[in-house]
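**Student:** The sequence and its predicted three-dimensional model are supplied below.
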Amino acid sequence: MKSIYNFRSILSAFILLFAVISHTNGSGWDHLNPNTGKWLYSAHFLNPNVGFVTGDDGEIFKTVNGGSTWSLITTSAQGPLYCVFFPAAGNNLIGYSCGTLGSILKTTNGGNSWTLLYSVTDSILTSIFFTDNFTGFVCGASGTLFKTTNGGTSWIELTSPVLKHLNTIYFLNDQTGYIGGNLGTFIKTTNGGTTWINQTTSQDYFIKSMHFINENTGYAAGGNIRTGGRIFKTNNGGTTWVSQTSGTFNHLQSIRFTDQNTGYTVGMAGTILKTTNGGMNWFFQVSNSIYTLRSVFFTGSDTGYIAGSYGTILKTISAGNPIGIQQISSNVPGDFSLYQNYPNPFNPATKIRFALPNNSDVSLIIYDVNGKMILQNDYRGLKAGIFEADLDMSGNSSGVYFYRLTAQDYSETRKMILVK
């Protein structure tokens, strides 16, 4: 374990060079700076401005300004904290966290300080969920499963039908809840954890995260070494789970839905996937990160946060969509097209319109008259339709420029003139 921490420390300085707020390569996700290069595991926000991220060495990071700055809160826990959770009924004051060595932490002052409640086990605790201020559940390694009915003062060990590693827990109310784990584990309770129904459908996948949008419809994310990232959906309260096509080989670590149709899942190698049709199709969003993204959390339809390895924290205020590009028509054209920019000549801003006959990754590159590339925006997973990109060339001198659109096998270049 010590060698792993040393390896992480070596990379920390390098990583922090990139932890700045910026839009690059057509991404709708900003990189925030928590001033750490350590691994971050879980994110939970009370509103668009106030939120928490947990990390190594019992550390919790808090922001009160939407991630512009972060305060480090040290705790008496040792090792990583894998989960942070605030119950909706807690008036944003009561929250919980769990991690290694059976550690469970609680705050009653909005996360300004945390008390080590109870070490219920020596096992790793991976996920914690409270249905109100008093009733909560925690799960972990080797089928570890506990329940409290007094706000964490004492915990009762529950009987799990499996002895596999349990990774994620989600309750709809104080009676109905779900747990996902290694080797395809899905278990469900309808009596507050007294008994559990084994709903495992396949032993090929690790289930890392679950999220339900109602009593019938839920999603799970995970993966395995052979087939990569996997997404599962149930429409019958977990009786059956149907595998969806993720389109990525990277293992998925977290999943979150903002409404009945719109959801996000994140994972290894900076993977961000989004659906807008209830999981029928998933498309990539640009993260500009190569590190494992471990937790995604949205406070509304547009504002979301992601926490990941080596101090990675991402934020979007545009539902992950690139800022500066709009889909102006969903009518599907017959062919790819790149239109003349307008106005042209321009000073200093102009618009570039293009058409996509099918879902495509798009690259829009600007060159000067000498062929030198001065700007490149890459937009991944654009839907079929007509788009309009805003271009501001305030920092460039007057002259002739060229813009080129590349999508799949299509490439076209047009000329434009900047006059100041």
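**Tutor:** Perfect, thanks for sending it. Numbers count the residues shown, from 1 in each chain.

**Student:** Please count neighbours and contacts with C-alpha atoms only from this point.
**Tutor:** Fine.

**Student:** and the most centrally placed residue in the chain, what element?
**Tutor:** Note on the chain: the residue nearest the mean C-alpha position is V296, at 2.8 Å, using C-alpha atoms, centre = their mean. For V296, the host element (DSSP states H and E) is strand 293-298.

**Student:** Point out where the chain drops to low pLDDT.
**Tutor:** By pLDDT under 70, the low-scoring segments of the chain are 1-26, 90, 118-120.

**Student:** Distance-wise, check V332 relative to F354.
**Tutor:** 12 Å (C-alpha to C-alpha, to the nearest Å).

**Student:** okay, and the common contacts of these two?
**Tutor:** I386 (C-alpha atoms under 8 Å, 6 or more residues apart in numbering).

**Student:** what about the helices in the protein?
**Tutor:** For the chain, applying DSSP state H gives helices covering 2-16.

**Student:** Domain ranges for it, per the record?
**Tutor:** For the chain, the domain assignment from automatic domain parsing gives the residue ranges 2-316, 325-418.

**Student:** Highest mean neighbour count out of the ones you listed?
**Tutor:** domain 2-316 (a mean of 20; mean count of other C-alpha atoms under 10 Å).

**Student:** How far does it sit from its chain's centre?
**Tutor:** Relative to its parent chain, domain 2-316 has a centroid offset of 9 Å by C-alpha atoms, centre = their mean, to the nearest Å.

**Student:** Distance-wise, check N224 relative to N173.
**Tutor:** The spacing between N224 and N173, counted by C-alpha to C-alpha, is 30 Å.

**Student:** same deal with D361?
**Tutor:** D361 is 41 Å from N173, by C-alpha to C-alpha.

**Student:** same deal with P343?
**Tutor:** Distance from P343 to N173, counting by C-alpha to C-alpha: 56 Å.

**Student:** quick one: contacts for G320?
**Tutor:** G320 neighbours (C-alpha under 8 Å, 6+ apart): S27, G28, W29, Q285, D302.

**Student:** Just the closest of the residues you listed to H211, please.
**Tutor:** D302 (18.0 Å; C-alpha to C-alpha).

**Student:** nearest spatial neighbour of the closest one, skipping sequence neighbours?
**Tutor:** The shortest distance from D302 to any non-neighbouring residue, by C-alpha to C-alpha, 6 or more residues apart in numbering, is to A319 (4.1 Å).

**Student:** Ok, T217 next?
**Tutor:** Take T217 and drop its neighbours on the chain: the residue closest to it by C-alpha to C-alpha, 6+ apart is N235, 4.5 Å away.

**Student:** Need phi/psi at that neighbour.
**Tutor:** Backbone geometry at N235, expressed as degrees, to the nearest 10, gives phi -110, psi 10.

**Student:** how close does it get to Y205?
**Tutor:** 20 Å.

**Student:** Could you do A77 as well?
**Tutor:** Remark: distance between A77 and Y205 (C-alpha to C-alpha) = 31 Å.

**Student:** V296 now?
**Tutor:** 20 Å.

**Student:** likewise F249?
**Tutor:** 13 Å.

**Student:** Let me see the contact set for the residue nearest to T217.
**Tutor:** Listed by C-alpha under 8 Å, 6+ apart, the contact set of N235 reads N216, T217, G218, W241.

**Student:** Hmm, R294 is touching Y305, no?
**Tutor:** No: the criterion here is C-alpha atoms under 8 Å, and R294 misses it with Y305 at 10.9 Å.

**Student:** Provide the backbone phi and psi angles at G111.
**Tutor:** Torsion angles, degrees, to the nearest 10, at G111: phi 90, psi 10.

**Student:** Which stretches in the stretch 101-250 of the chain count as strands?
**Tutor:** Secondary structure of the stretch 101-250 of the chain (DSSP state E, counting those that start in this stretch): strands at 103-107, 115-119, 125-130, 136-140, 145-148, 156-157, 166-171, 177-181, 185-189, 197-198, 206-212, 218-224, 228-234, 242-244.
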